[in-house]
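Student: Structure for the following, please:
(one chain, ligands or ions: 2)
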Amino acid sequence: MSVIANRPYGTKDVLPAEVNKWQTVERCAAETAEYFGFREIRFPTFENTTLFKRSVGDTTDVVQKEMYSVTAKSRDNGKDPEEFTLRPEGTAGAARAAIENGLLNEALPQKVYYMISCFRHEKPQAGRLREFHQFGAEMYGSKDASADAEVIALARSLLDSLGLENVELFINSIGCPKCRAEYHKALKEYFGKHKDELCHTCLDRLERNPMRILDCKSPICQGIAKDAPVILDFLCEECSAHFEKLKTLLNDMGIKFSVDPKIVRGLDYYTKTVFEFITNDIGAQGTVCGGGRYDGLIEQLGGNPLPALGFAMGLERIIMTMENAGVEFVPENKCELYIATMGEAAQRKAAVLTNDLRADGFFVETDTMNRGLKPQMKYANKIGAVFTMVLGDNELETGKAKLKNMETGEQTDIALDERFAENFYYNITSLKLKLDS
Ligand code: ATP
Ligand code: MG
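Tutor: Numbers count the residues shown, from 1 in each chain. Ligands and ions are numbered 1, 2, ... in the order given. Sure, this is the predicted structure:
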């Protein structure tokens, strides 16, 4: 079978009839982020592979199993080939761009957001794709818990604006490298007793990064992990105080949350606060948003040491949750006027009128298929045109046409002169006012 007209496994098309769902979320996300003082940042779809290995971490599922990488010819022939990877997430690329362009030398905090496609070689299922989309926000420069509260408040506010008040917030602290050393020891001791049962990958993790075992998707490893020691019992004084302050602030702000000591997040760069927003409404893939603090990452990527934090929302999962909740999406724009034509002279006049009205910001259509009047009117009906107007020799001669309200059938005369746009504006506005009241 030909694959030319098939999309790659695990990818999706969004057709015009559904794109308003995406636009609803994207516009709301951008608007909310901007109210919170975040500015948009854009960066490449692919990066040097080492960036992700270094940041996401080479004991994570993402790096070990899920990256799409290519080896490409070197820039200067003869040298080693270059390794690139399609971004599996946004934090690394955003941080790289912020460092490379000196953004972090400007007034702090720096707050950025992005809307990106991400790529992971995973088993496609509901809410899990190979190309998916994220809305992400990152904040650089503050080590204080008030920054954590602000970033969480942004995610909460966006979810609320989208009508997803029922999506629940879970928080945890995974400490700093200092307290984690003790915790790792305890985990090694605990999982060491279950060596025979752990999956192959987790055996390796036991040596290199035992906390990753808590994030394993294998049911057997998950079963063992259930009774493992929890990080909250190992937090140092500073991390503990940070977590307490965050909880106080969230309570003050009226943001509901539960502490879930099992959340460790799937990426290595996290420190202290981690959080997830979870819904029970869309099946197994219920995490619609994940984030946390990553105080070591900027330095690890070659920048001056700088605390940072952020989150990413999976837009496919957000839209699924909204559909499930019966939330209303912003409707498509409606064609305000369809100009039907009879004869070539009318077609020429309609082309000019349509072009002028569009320049004035009206949504206008006219026939470009050379069809008869009847099929033109049928088409106008199908696209839901609010008004129609027929232009023929008669109208051109008298300089007048009839504007027809397609809902009521009501007709009003309108002059085809230089005040046409103004008159049309009057008609469409009074109709909208009538509908609103
Ligand atoms: P999961 O546990 O579901 O695999 P994750 O921990 O790998 O998620 P993150 O790396 O934190 O996910 O990415 C942030 C968000 O991006 C997730 O909460 C989810 O909403 C979304 N996401 C991650 N992977 C996918 C995917 N393959 N398809 C669709 N959405 C995804
Ligand atoms: Mg994953």
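
Student: Torsion angles phi and psi at W22?
Tutor: As for W22, its main-chain torsions (degrees, to the nearest 10) stand at phi -60, psi -40.

Student: who's in contact with it?
Tutor: Contacts here follow CB atoms under 8 Å, 6 or more residues apart in numbering; on that basis W22 touches V14, L315, I319. From N, CA and C alone the C-beta is placed, and that goes for glycine too.

Student: can you map out the helices along the stretch 251-400 of the chain?
Tutor: Taking DSSP state H, counting those that start in this stretch as the test, the helices found in the stretch 251-400 of the chain are 297-300, 315-325, 344-359, 373-382, 393-398.

Student: which stretch among the ones you listed comes nearest ligand 1?
Tutor: helix 315-325 (4.5 Å; CB to the nearest ligand atom).

Student: which outside residues touch the closest one?
Tutor: Helix 315-325 has contacts (CB under 8 Å, 6+ apart) with 12, 21-22, 24-26, 115, 126-127, 129, 132-135, 159, 162-164, 166-167, 279, 281-282, 285-288, 329.

Student: what are the C-alpha coordinates of stretch 74-86, in PDB please?
Tutor: The C-alpha coordinates for stretch 74-86 follow below in PDB (Å, rounded to 0.1, in the frame of the first residue of the first chain):
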ATOM      1  CA  SER A  74      29.300  18.000   9.500                       C
ATOM      2  CA  ARG A  75      29.300  21.700   8.500                       C
ATOM      3  CA  ASP A  76      33.000  21.600   7.500                       C
ATOM      4  CA  ASN A  77      33.400  18.400   5.500                       C
ATOM      5  CA  GLY A  78      35.700  15.800   6.900                       C
ATOM      6  CA  LYS A  79      35.100  16.400  10.500                       C
ATOM      7  CA  ASP A  80      32.900  14.300  12.800                       C
ATOM      8  CA  PRO A  81      29.200  14.300  11.700                       C
ATOM      9  CA  GLU A  82      26.700  16.200  13.800                       C
ATOM     10  CA  GLU A  83      24.000  14.700  16.000                       C
ATOM     11  CA  PHE A  84      20.600  16.500  16.200                       C
ATOM     12  CA  THR A  85      17.400  15.600  18.000                       C
ATOM     13  CA  LEU A  86      13.800  16.700  17.500                       C
END
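
Student: Now do the buried residues in it.
Tutor: Using 16 or more other CB atoms under 10 Å as the test for burial, stretch 74-86 gives F84, T85, L86.

Student: about what we covered before: as JSON lines, the contacts of W22 with distance to K195 and neighbour count would be great.
Tutor: Below are the contacts of W22 laid out as JSON lines (distance: CB to CB, whole Å; neighbours: other CB atoms under 10 Å):
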{"residue": "V14", "distance to K195": "47", "neighbour count": "13"}
{"residue": "L315", "distance to K195": "40", "neighbour count": "21"}
{"residue": "I319", "distance to K195": "43", "neighbour count": "22"}
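
Student: ok, which residues in the stretch 301-437 of the chain are in contact with ligand 1?
Tutor: Applying CB under 6 Å from any ligand atom, one finds that the stretch 301-437 of the chain approaches ligand 1 through A312, G314, E316, R317.

Student: For V19, see how far away N333 is.
Tutor: 11 Å (CB to CB, to the nearest Å).

Student: Looking at the two, which has the bigger crowd around it?
Tutor: Neighbours were tallied for N333 and for V19 using other CB atoms under 10 Å; the higher tally belongs to V19 (13 against 8).

Student: Quick check, pLDDT for the more buried one.
Tutor: The model reports V19 with a pLDDT of 97.

Student: Am I right that it falls within a helix?
Tutor: Yes: counting by DSSP: H, G, I helix; E, B strand; the rest coil, V19 falls inside a helix.

Student: Please report the distance of D413 from ligand 1.
Tutor: According to CB to the nearest ligand atom, to the nearest Å, D413 and ligand 1 sit 55 Å apart.

Student: tell me which element that residue is part of?
Tutor: For D413, the element it lies in under DSSP states H and E is strand 411-415.

Student: State the next helix or strand along the chain beyond that strand.
Tutor: For strand 411-415, the following helix or strand on the C-terminal side (DSSP H and E) is helix 420-436.

Student: Could I get the buried residue list for that following helix?
Tutor: Buried positions in helix 420-436, judged by neighbour count with 16+ other CB under 10 Å: F420, N423, F424, Y425, N427, I428, L431.

Student: Redo these as TSV? Include pLDDT and distance to G37.
Tutor: Putting the buried residues of helix 420-436 into TSV (pLDDT from 0 to 100; distance: CB to CB, whole Å) gives the following:
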residue	pLDDT	distance to G37
F420	94	44
N423	94	44
F424	95	40
Y425	95	37
N427	92	42
I428	93	37
L431	88	39
